[in-house]
Every structure is written in structure tokens, then in C-alpha cells.
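In: coords please:
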Amino acid sequence: MAAPDGHPKPMASTPPGPKPIGGYYHTVDPNYESPLEGSNYIFVPSSPATRGFRFRLDFLPGGNNGAWEIADSRGSLILLYRGVQLIPNMLNEQTAAAGSRHNPGFVVCDPLTRQYKAVPCRPEDMEGHQFLGLFLLHGDQTNQQAGGGHISLSNFRVMAALHRPHCCSSSHGVPVAHVFSMGSERAWSSEEPINIPNTVKSFYFAGRAYGSLYWGIQGTGTALVLNEATAEFTMVTLPQIMLGSCGRCSFRFISRQDDGALRVVCLVDNNLKVFVRRIIHSNSSRHDEWAVEGLVRLREATRGLPGHEDGYFQDDEAIIVDAQETYVLLTPRNKTWLFSVVLETMEVDRGHERNKYAGPAYPWELPPTIWSPIF
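Out: Numbering: from 1, shown residues only. Down below sits the predicted model:
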């Protein structure tokens with residue numbers, strides 16, 4: 001499969017305007033550090049409109065002892081789960097054991113109004129499957145693809161990306177997508193006849209961009225891609241210039257609202273590189289070109305930062321812990337020592353609040369009722 005043309009194209013012809021981010025729900029991945037006390041998430045404001053607010057989620061069933069974990073966010077809504085185990089880099093066995101005391105369940109909540117809705121999910125829909133991830137989608141696909149509309153508790157969908165054993169080959173698995181909608185008691189599903197590794201331990205989440213979800217596959221230069229609109233899976237191969245050790249958590253796909261171009265941040269020999277895709281039209285054909293947009297040599301750039309040790313980035317490849325549109329969060333592989341790279345300037349930062357939390361961050365957008373008078 002050709003690498004560039006295999007990537008899904010942006011869903012909208014023009015990128016939507018910037019979304020006013022009120023803050024991020026930060027989490028801690030137990031594979032890196034001990035979870036936060038109580039609920040394993042904390043809200044960190046990033047806007048004057050939300051400064052001083054904590055937006056706790058203690059109104060969910062069970063309160064702070066409900067064992068809820070954040071799976072995704074969209075707009076001003078948060079998707080949480082309990083009683084299931086996602087792929088290993090998102091949830092370890094200890095956390096899974098705590099959640100298993102509860103029946104499997106998903107909820108979508110609005111932290112501002114402190115309301116939530118349970119997602120209709122039957123145990124038989126998940127039987128025999130393992131989770132790759134859970135994602136919150138807009139309920140109106142037409143509005144979503146046009147870059148408009150406002151997601152709400154009456155207008156959302158939840159997509160579960162799953163993995164099941166292959167019926168004829170013990171060495172392969174099959175990707176499956178289940179979509180749950182409000183007002184429907186059953187999920188509709190889609191699966192693709194493509195071969196993937198037989199265990200979810202081979203996968204790690206590799207980002208979300210322009211209506212597509214990506215998983216890296218350890219030890220390969222390939223990615224599993226799920227289209228949010230069609231629930232179809234494909235496989236893509238990264239161009240050779242992006243490939244380093246092909247180790248776990250070595251690349252991420254990201255979007256950027258200002259130009260609509262797909263980007264990949266990746267680690268090659270402990271250099272963080274940002275590649276941008278340019279679409280080239282010639283006569284009646286088109287092809288994609290990937291160009292290096294930014295480069296940070298981690299050994300040199302981190303030397304002298306507080307807590308830095310001489311052995312960092314010498315023998316082991318770094319790890320991408322999280323990636324957002326504006327920054328990448330990283331750590332040495334042999335010891336958790338968090339720092340981030342600001343993508344606009346490619347500067348290394350150690351002092352920002354986000355560097356305290358070794359796990360995914362979930363953006364929370366200001367609802368129109370708050371940002372309309374401000375912006």
C-alpha cells in the first residue's frame with residue numbers, strides 16, 4: 001500500500017476556525033507514574049474564563065469512588081468508561097482491576113452543567129472483543145463534516161474500536177468498530193477483512209487528525225486507521241524517512257487548524273521531527289509529498305534542564321507520551337522525566353503545568369454560552 005495516498009483526506013474543504021479551549025483534563029498513565037489520588041484526572045485551566053474553576057466530575061455515578069477513567073473529549077463534553085480495559089499504554093492491570101468491580105459502562109458528561117447521560121451498551125455487543133479505544137463523535141455527521149454544529153448531550157455518538165481473534169488464523173486479529181447513538185438500543189458495527197496482530201499489546205494510540213484515528217503497531221512502520229465518519233479501517237505505511245526504531249509510542253498524527261495540513265511527529269535516533277504533508281497536483285494526477293517542518297535534537301536541547309541526567313537519550317529512544325495541536329509531551333524511555341516541545345517554535349519546555357502529568361490530556365472547549373461574549 002502506498003504510504004501517502006493511503007492517508008484519509010481532511011473531512012472539510014476548509015479548516016474550521018480556532019476552537020476556544022477552556023482547559024485540559026490531564027491524566028496519568030500508570031505505565032509511567034503512580035495515578036493521581038482519588039480520580040485519575042485533574043482540570044488545568046488555559047483560559048481567563050475558566051481560571052479558578054476545577055470542573056470536578058464527582059457528580060457521576062459513584063462520585064469520586066466510581067472508578068471512572070477519561071476516554072475522550074469533544075467540544076464541551078467528556079466521555080468516560082469503567083469496567084473495561086483499553087490498550088496497555090492507557091490502562092495498567094491495577095487500574096483495570098479497580099474498574100472491574102463495576103459493570104462495564106460508558107457515560108458522556110457536561111462538566112459545566114454537571115449533567116451526564118449513560119451510553120446504551122449491551123454486554124453481548126462487546127463479548128469476545130478487546131478494546132483499542134473509545135471515542136466521542138458528533139451526532140450529526142453532515143454538520144460535523146462541514147466543520148459546524150455544536151455537540152451536546154442530545155447530539156453525540158460513541159465509537160468503540162475493538163479487536164477480535166481471527167476465526168481462521170490464531171496469529172491474526174480483526175479490527176471492529178461499534179457505534180452507539182442516543183435513541184438507539186443497539187450498536188451498529190463495521191469490520192474489515194484486513195489482517196492485524198493477534199494481540200492488542202502490539203498497538204498504541206498514535207493520534208487523531210481530520211476525522212481519522214490512528215494506532216501504531218510496534219515493530220512495524222505501519223498504522224491502523226479508523227475513519228470516524230464511515231467506521232472503516234485501513235492500513236497505511238509510513239514513508240521511510242519517518243521511520244526510526246519503530247518502537248512503541250514513536251510517532252503521532254496531528255492536525256492544525258490554521259492550514260488544514262496533516263502532520264506527523266516522530267522520533268528518529270532521538271531527534272524529534274515534524275513532517276507536513278503537501279498535496280501536489282500535476283496535470284490530471286496528484287501525489288503527496290512529506291517535508292520536514294521542524295527538528296529538535298533531544299540530547300542537545302534538553303541538556304542543562306532541571307533534573308536532566310547524562311544518560312538520557314544515549315542508548316534508548318525517547319517516548320511520545322502525548323501530542324496535541326500545539327505541543328508534544330515526551331520522556332526518556334528508561335526513566336519518567338517529562339518535558340514538552342512547543343510545535344510553533346520547536347522550543348523545549350520543562351516548567352509548564354502540563355509537564356507534571358505523564359499521560360494523555362483531553363481538551364475541553366468553552367461552550368458558546370461562555371465564549372461568545374469573550375471572543
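In: how about the contacts made by the closest residue to Tyr357 other than its chain neighbours?
Out: In space, and not counting its chain neighbours, Tyr357 is closest to His26: 3.8 Å by Cβ to Cβ, 6 or more residues apart in numbering. Any C-beta I mention is one placed from the backbone N, CA and C, and that applies to glycine too. His26 makes contacts with Tyr41, Ile42, Phe43, Val44, Arg354, Lys356, Tyr357, Gly359, Ala361, as judged by Cβ atoms under 8 Å, 6 or more residues apart in numbering.
In: for His26, list each beta-bridge partner.
Out: In this entry, His26 is beta-bridged to Ile42, Ala361, by DSSP bridges.
In: any idea how far it lies from Tyr41?
Out: Distance of His26 to Tyr41, computed by Cβ to Cβ, to the nearest Å: 7 Å.
In: again, but for Val108
Out: Separation of Val108 from Tyr41 (Cβ to Cβ): 15 Å.
In: swap in Pro48?
Out: According to Cβ to Cβ, Pro48 stands 22 Å off from Tyr41.
In: still on that earlier bit, what is the nearest of the contacts of His26 to Leu86?
Out: Gly359 (12.2 Å; Cβ to Cβ).
In: next, the closest one: phi, psi?
Out: Backbone torsions of Gly359, given as degrees, to the nearest 10, read phi -180, psi -180.
In: give me the distance between the residue nearest the centre of the chain and Arg263.
Out: The structure's the chain has its C-alpha centroid closest to Gly207; by Cα atoms, centre = their mean the separation is 4.6 Å. Noted for Gly207: a distance of 9 Å to Arg263, by Cβ to Cβ.
In: now Thr199: closest residue in space, sequence neighbours ignored.
Out: Gly173 (7.3 Å).
In: surely the one you found is in a strand?
Out: Yes: judged by DSSP: H, G, I helix; E, B strand; the rest coil, Gly173 forms part of a strand.
In: who's it bridged to?
Out: With DSSP bridges as the rule, Gly173 is bridged to Pro165, Ile196.
In: just give me the neighbour total for it.
Out: Neighbour count of Gly173, defined by other Cβ atoms under 10 Å: 23.
In: was I right about it contacting Pro193?
Out: No: with contact defined as Cβ atoms under 8 Å, Gly173 does not reach Pro193; the gap is 11.9 Å.
In: all the helices of the protein, residue numbers only.
Out: Using DSSP state H, the helices of the chain run over residues 93-99, 123-126, 141-145, 298-302, 368-371.
In: state the number of residues packed around Asp140.
Out: For Asp140, the neighbour count with other Cβ under 10 Å is 16.
In: ok, Gln85 next?
Out: For Gln85, using other Cβ under 10 Å, the count is 19.
In: hmm, it is touching Gly133, no?
Out: No: in this structure Gln85 lies outside contact range of Gly133 using Cβ under 8 Å: 11.5 Å.
In: would you mind measuring from the residue lying closest to Ile78 once chain neighbours are set aside to Ser46?
Out: Closest residue to Ile78 apart from its sequence neighbours, by Cβ to Cβ, 6+ apart: Cys109 at 5.4 Å. Separation of Cys109 from Ser46 (Cβ to Cβ): 20 Å.
In: quick one, which of those two is more surrounded?
Out: Cys109 (20 against 17).
In: before we move on, the earlier item: list the residues that contact the residue nearest to Thr199.
Out: Counting by Cβ under 8 Å, 6+ apart, Gly173 has contacts His163, Arg164, Pro165, His166, Asn195, Ile196, Pro197, Asn198, Thr199, Val200.
In: and the gap between Ala206 and His172?
Out: Distance from Ala206 to His172, by Cβ to Cβ: 20 Å.
In: and these two? which has more neighbours close in?
Out: The neighbour count for Ala206 versus His172, taken as other Cβ under 10 Å, is higher for Ala206 (26 against 14).
In: right, and that one touches Tyr214 too?
Out: Yes: judged on Cβ under 8 Å, Ala206 makes contact with Tyr214 at a distance of 4.2 Å.
In: now for those two: what residues contact both?
Out: Both Ala206 and Tyr214 are in contact with Ala223, Arg252, Phe253, where contact means Cβ under 8 Å, 6+ apart.
In: sorry, back to before: show me what the residue nearest to Ile78 is bridged to.
Out: Legend: beta-bridge partners of Cys109 under DSSP bridges are Ile78, Tyr116.
In: could you list every residue that touches it?
Out: Cys109 makes contact with Leu57, Phe59, Leu60, Leu77, Ile78, Leu80, Gln115, Tyr116, Lys117, according to Cβ under 8 Å, 6+ apart.
In: can you flag the buried ones in those?
Out: Leu57, Leu60, Leu77, Ile78, Leu80, Tyr116 (16 or more other Cβ atoms under 10 Å).
In: how near is the fourth one to Ala67?
Out: I take that to be Ile78. 15 Å.
In: one more: the first one?
Out: For Leu57, the distance to Ala67 equals 12 Å [Cβ to Cβ].
In: how about Val225, nearest residue that isn't a chain neighbour?
Out: Nearest non-adjacent residue to Val225, counting by Cβ to Cβ, 6+ apart: Thr234, 4.9 Å away.
In: would TSV of the contacts of Cys109 with pLDDT and distance to Glu293 be doable?
Out: Below are the contacts of Cys109 laid out as TSV (pLDDT from 0 to 100; distance: Cβ to Cβ, whole Å):
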residue	pLDDT	distance to Glu293
Leu57	92	37
Phe59	93	42
Leu60	93	40
Leu77	96	32
Ile78	97	31
Leu80	95	35
Gln115	96	41
Tyr116	96	40
Lys117	94	40
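In: just the strands in the stretch 151-300 of the chain please.
Out: 156-165, 172-181, 188-191, 196-197, 203-209, 212-217, 222-227, 233-237, 251-254, 263-268, 271-282, 285-297 (DSSP state E, counting those that start in this stretch).
In: quick one: closest of the ones you listed to Glu347.
Out: Closest approach to Glu347 among these (Cβ to Cβ): strand 285-297, 8.3 Å.
In: all set, thanks.
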